[in-house]
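Asks: pasting the sequence and the predicted model now:
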Amino acid sequence: MEVKRIKWAIIFLLFVFIIGIEGCMVIEGRNFFDSLYMVVITLATVGLGETHPLTFHGRIFTIVLIAGWAGIGFYALVTIIQPIIEGEIRKVLGRKRTLFG
């Protein structure tokens, strides 16, 4: 079950990343490399600034892209970390049962 959820989380992240590149190319009329660069610096929250000033629609798209990335990123992070934490809790609880009967 966890492996399937992790795969979907990664697929969702890649989907948002690709949509970001495509959106930048279509809305802003940028080439692939400029769009890739913009998406990477935006989603990595580096904040180096735009390669070219964004249009109004480009700014709206960027806001939606960041919100989508944050939501799906949080889901992916929880999905990947949850099995690790649950495994550690089970180990601790298993040790306590062994120690105290």
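Replies: That came through fine. Numbers count the residues shown, from 1 in each chain.

Asks: go through the helix or strand harbouring Lys7 and flag the buried ones.
Replies: Here Lys7 sits within helix 2-28, counting by DSSP states H and E. Of the residues in helix 2-28, 5, 9, 12-13, 16-17, 19-21, 23-25, 27-28 count as buried by neighbour count, 16 or more other CB atoms under 10 Å. All C-beta atoms are positioned from the backbone trio N, CA, C, and that covers glycine.

Asks: quick check: mean pLDDT across it?
Replies: In this model, helix 2-28 has a mean pLDDT of 91.

Asks: what's the first helix or strand after that helix?
Replies: Assigned by DSSP H and E, the successor of helix 2-28 is helix 32-43.

Asks: next one: the lengthiest helix in the chain to chain centre, how far?
Replies: Criterion DSSP state H: the longest helix present in the chain is helix 56-100. Here helix 56-100 is found 11 Å from its chain centre; the criterion is CA atoms, centre = their mean, to the nearest Å.

Asks: got the angle for that helix vs helix 32-43?
Replies: Using axes from the mean of the first three to the mean of the last three CA atoms, to 10 degrees, the direction of helix 56-100 lies 50 degrees away from that of helix 32-43.
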